[in-house]
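Chemist: Okay, predicted coordinates and the sequence, questions at the end:
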Amino acid sequence: MEKKTFISLPLLSFLLLCLFSIAHSQDSEDQSKTCPVKFASTGTCSGPFGVSECYHEAMAKYGNIPPKGCECIPDGANSRFCLCNIIC
């Protein structure tokens, strides 16, 4: 009887490991791929408003899915480049 418990415990552990591996691989596939986009805009990058405006402009240009990791790159007195990652 003790031997049966010994055999079933490793089998149960193996099955749980397989289940967690499958669940983890499906989570990795569900994560959407992002692509960088760069666009010119008017305004400055001073303060937090530059990045915030880049975020809102990317939402308006590329759809209502929020962009990730927006950056504001100064390009003159009243112009800038916005660099954001959007879902491809």
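Modeler: Looks like it arrived, so ask away.
Chemist: what phi and what psi does the backbone show at P48?
Modeler: phi -80, psi -10 (degrees, to the nearest 10).
Chemist: give me the number of residues near it?
Modeler: Using other Cβ atoms under 10 Å, P48 has 9 neighbouring residues. For the C-beta atoms, the positions are set from N, CA and C on the backbone; glycine is no exception.
Chemist: secondary structure class for C84?
Modeler: Recorded secondary structure, C84: strand (DSSP: H, G, I helix; E, B strand; the rest coil).
Chemist: so it touches E71, yeah?
Modeler: Yes: applying Cβ atoms under 8 Å as the test, C84 and E71 come out as touching, 7.4 Å apart.
Chemist: Determine the residues that are contacts of both of these two.
Modeler: Common contact partners of C84 and E71 (Cβ atoms under 8 Å, 6 or more residues apart in numbering): C54.
Chemist: quick check: domain ranges of the protein?
Modeler: What the record gives for the chain is the domain set 1-31, 34-87, from automatic domain parsing.
Chemist: Give me the below-cutoff pLDDT ranges for the protein.
Modeler: Along the chain, segments meeting pLDDT under 70 span 1-31.
Chemist: which residues of this protein fall in strands?
Modeler: Using DSSP state E, the strands found in the chain span residues 34-42, 68-74, 79-87.
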